[in-house]
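Engineer: Sequence and computational prediction follow.
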Amino acid sequence: MRVDAVEFPEAVRRIVAWAEEGRGRTVCAANVHMVMEAWDDPSFRAVVNGADLVVPDGQPLVWALRLAGAPQRARVRAAPDLVLALLHECARRGLRAGLYGGAPDVLADLAANARRHVPGLRLVYEWSPPFRPLTAAEDETVVGDIRAAGVQLLLVGLGCPKQERWMAAHRERLPCVMVGVGAAFDMLAGRTGNAPRWLRGAGLEWVYRLLQEPRRLWRRYLWHNPRFLVLLARETLRRRGRDGAAL
């Protein structure tokens, strides 16, 4: 799966510049969960690889990029850092932002917090879709509403891999940048907390999230994380073997 070696300021700059262009773009925030979903499902891997930007959201992906020789200094943390930076830039430049996803009460709290903490934010669209596939008519209504609101930056919080598939399916239909932000909706709505900095730096933010939502997340972490480590170790040894043979 593709992950772009891009630092936080450059990621913000690109996304905001694209938002000003007024054409469909997709941005994925990659972590171990996304990598392993892509490993298991080639169709999902194609979705991520076809995105306009794939930022390394998880600290293990920063380590993987470094092992691959990329000069990645830090992660591009989507929740809440990237989301807040993008909303502040939207307010500064007068861009119109929208929110798609989350339960109705979560979305309401997120929108209220965003307006409270980002003065001048033009939040022109908010919708909490039902927990089922939309009908064709419902989807047309959603597309029409987003276009009518003039959304330039759409934050999509449906969870991986649903949000990435939704963005890819709508890139040619919506003239805005769509950013998949996963758990950012719950975090910025005050439903879940922010892991301590030392845990984030150690690549252990997943432990904090698991303790907060054990029933929902235990299968993901216990299944994906060990396989990721094994595959990363195998790939690292393979690269070193190739380098040694070249010498």
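Structural biologist: Structure received.

Engineer: Could I get the contacting residues of Gly203?
Structural biologist: When contacts are counted by C-beta atoms under 8 Å, 6 or more residues apart in numbering, Gly203 is found next to 58-60, 63. (Each C-beta comes from the backbone N, C-alpha and C, glycine too.)

Engineer: same thing but at 7 Å, please
Structural biologist: Residues in contact with Gly203 (C-beta atoms under 7 Å, 6 or more residues apart in numbering) are 59-60.

Engineer: Next one: it relative to Pro60, how far apart?
Structural biologist: Distance, Gly203 to Pro60, using C-beta to C-beta, to the nearest Å: 5 Å.

Engineer: Tell me where the model's unsure across the chain.
Structural biologist: For the chain, the stretches flagged by pLDDT under 70 are 193, 195, 199-200, 207-208, 210, 243-247.

Engineer: Whichever helix in it runs longest: which residues count as buried?
Structural biologist: Using DSSP state H, we find that the single longest helix of the chain is helix 214-246. Neighbour-count burial for helix 214-246 flags 217, 220-221, 224-225, 228, 232 (criterion: 16 or more other C-beta atoms under 10 Å).

Engineer: so what secondary structure elements neighbour it?
Structural biologist: In terms of contacts (3 or more C-beta pairs under 7 Å, 6 or more residues apart in numbering; DSSP states H and E), helix 214-246 is packed against helix 32-40, helix 59-67, helix 205-212.

Engineer: For the residue nearest to Asn31 when sequence neighbours are not counted, the count of nearby residues, please.
Structural biologist: Of all residues not flanking Asn31 in the chain, Gly58 sits nearest, at 3.4 Å (C-beta to C-beta, 6 or more residues apart in numbering). As a burial measure, Gly58 scores 25 neighbours (other C-beta atoms under 10 Å).

Engineer: Likewise for Pro119?
Structural biologist: 9.

Engineer: and the gap between it and His88?
Structural biologist: From Pro119 to His88 the distance is 9 Å (C-beta to C-beta).

Engineer: do the same with Leu67
Structural biologist: Distance from Leu67 to His88, counting by C-beta to C-beta: 33 Å.

Engineer: for Gln72, same thing?
Structural biologist: For Gln72 relative to His88 (C-beta to C-beta), the value is 24 Å.

Engineer: before we move on, what about Tyr125?
Structural biologist: Taking C-beta to C-beta as the criterion, Tyr125 is separated from His88 by 18 Å.

Engineer: likewise Gly201?
Structural biologist: Noted for Gly201: a distance of 24 Å to His88, by C-beta to C-beta.

Engineer: the more surrounded of those two?
Structural biologist: Neighbour count, other C-beta under 10 Å: between Gly201 and His88, His88 has more, with 16 against 13.

Engineer: dump the residue contacts of the more buried one.
Structural biologist: Here His88 is in contact with Val118 (C-beta under 7 Å, 6+ apart).

Engineer: Quick check: which element contains it?
Structural biologist: Taking DSSP states H and E as the definition, His88 sits inside helix 83-93.

Engineer: Flag every buried residue along that helix.
Structural biologist: Across helix 83-93, burial judged by 16+ other C-beta under 10 Å covers 83, 85-91.

Engineer: closest to Arg13 among these?
Structural biologist: Glu89 (8.8 Å; C-beta to C-beta).

Engineer: wait, is Val55 part of a helix?
Structural biologist: No. Assessed with DSSP: H, G, I helix; E, B strand; the rest coil, Val55 is strand; it does not lie in a helix.

Engineer: Now that it has come up, it's in contact with Glu7, right?
Structural biologist: No. Taking contacts as C-beta atoms under 7 Å, Val55 lies outside contact range of Glu7: 9.3 Å.

Engineer: Between those two, tell me which one has more neighbours.
Structural biologist: Each of Val55 and Glu7 has its neighbours counted (other C-beta under 10 Å); Val55 has more, 27 against 16.
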